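J.: Sequence unavailable; structure follows:
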């Protein structure tokens with residue numbers, strides 16, 4: 001397999017992921033250049049990360065990348081994407097692709113007009129643990145899945161997992177709920193663990209999404225504590241007719257209807273006396289539910305997932321097979337916007353409607 005050559009547009013925290021991944025997995029990826037329009041900022045960035053920086057899209061494309069990664073501020077994503085569509089440049093875009101229903105619909109219109117080659121870097125469903133959970137569902141161990149309780153991801157990220165795990169497609173739903181605020185002690189900062197005991201106010205969003213096919217999602221997220229806290233954790237429950245996922249515990253029935261309870265077993269190299277350092281796999285009993293595609297690479301789970309999106313983008317350009325299409329991203333972002341609307345109107349039912357991309 002030849003190396004995937006890609007360019008990056010942007011210089012933020014997420015753009016740095018792609019640089020790290022390219023350096024660690026250099027046998028699979030080659031970063032051509034990074035586009036930063038501000039010359040002074042670009043020079044500092046180049047020196048800090050040891051990459052080549054250019055100041056215009058024309059210069060970036062001279063490097064002949066297979067695709068570009070668009071990782072810029074949310075408010076300017078839609079317009080930038082449309083410009084890339086017009087130029088016929090394949091793009092892997094960071095989430096979300098827009099900030100309003102109007103921008104989402106305009107983006108879809110322009111993508112169709114220019115036959116855009118685009119996928120979205122929604123990484124969570126290919127993160128090791130979520131990928132393992134999804135494999136359990138796809139193998140039918142739970143039977144027909146009816147509901148999910150997710151307390152781990154915000155907004156469109158959470159919606160992506162909800163729609164995939166419930167397999168609801170582009171079906172409509174009613175969303176209702178309420179936002180609360182609670183005090184919590186800070187445990188994590190830029191330098192790692194924090195010990196000063198600072199207390200801050202943290203929102204907690206509780207929403208119910210009832211889909212027209214009868215499936216239900218219970219959404220629960222605390223912002224900003226849940227992503228960066230040692231005393232606020234992740235929880236997920238998925239229930240089906242023949243079993244359930246209860247975080248790391250899987251309960252299901254055999255073909256003979258014998259109840260089985262097993263724990264997910266995460267295999268990481270580099271613990272105790274092992275001389276390696278990498279995530280290897282997740283197993284359920286004797287079965288591998290997930291294997292890291294980057295053997296022995298020193299990447300955390302989120303980096304593994306982003307790297308997987310980069311690989312899948314390369315396959316998309318070769319085969320035309322979507323892995324996370326624009327219309328999937330538009331639907332997830334749209335439902336997320338409607339969830340925001342529900343939070344602005346506590347306990348009022350907010351109903352989604354069929355959007356243009358759902359008809360294609």
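T.: Looks like it arrived, so ask away. Computed from a predicted model, the values in this text were never measured in an experiment.

J.: can you give me the helices in the stretch 151-300 of the chain?
T.: 155-166 (DSSP state H, counting those that start in this stretch).

J.: What separation do you get for residue 329 and residue 123?
T.: Here residue 329 is placed at a distance of 12 Å from residue 123 (C-beta to C-beta, to the nearest Å). Bear in mind the C-beta positions are built from the backbone N, C-alpha and C, glycine included.

J.: ugh, wrong one, I meant residue 337
T.: Counting by C-beta to C-beta - residue 337 and residue 123 are separated by 20 Å.

J.: So the two - more neighbours on which side?
T.: More crowded of residue 337 and residue 123, by other C-beta atoms under 10 Å: residue 123, with 24 against 21.

J.: Does the more buried one touch residue 310 like I think?
T.: No - if you go by C-beta atoms under 8 Å, residue 123 and residue 310 don't touch, sitting 9.8 Å apart.

J.: Surely residue 200 touches residue 187?
T.: No - the pair residue 200 / residue 187 is not scored as a contact, 11.0 Å apart, by C-beta under 8 Å.

J.: My guess is residue 353 contacts residue 170. True?
T.: No - with contact defined as C-beta under 8 Å, residue 353 does not reach residue 170; the gap is 11.0 Å.

J.: what's the neighbour count on the spatially closest residue to residue 240 that is not a sequence neighbour?
T.: Of all residues not flanking residue 240 in the chain, residue 142 sits nearest, at 3.0 Å (C-beta to C-beta, 6 or more residues apart in numbering). Using other C-beta under 10 Å, residue 142 has 23 other residues around it.

J.: how much space between residue 323 and residue 308?
T.: Applying C-beta to C-beta to residue 323 and residue 308 gives a distance of 9 Å.

J.: Comparing the two, which residue is more hemmed in?
T.: More crowded of residue 323 and residue 308, by other C-beta under 10 Å: residue 308, with 22 against 18.

J.: Which residue, other than its chain neighbours, is closest to that one?
T.: Spatially, and ignoring its direct neighbours in sequence, residue 308 is nearest to residue 126 (4.3 Å; C-beta to C-beta, 6+ apart).

J.: Now do the same for residue 122: its pLDDT.
T.: Per-residue pLDDT puts residue 122 at 94.

J.: my guess is it meets residue 95, correct?
T.: Yes - here residue 122 reaches residue 95: they are 5.3 Å apart, a contact under C-beta under 8 Å.
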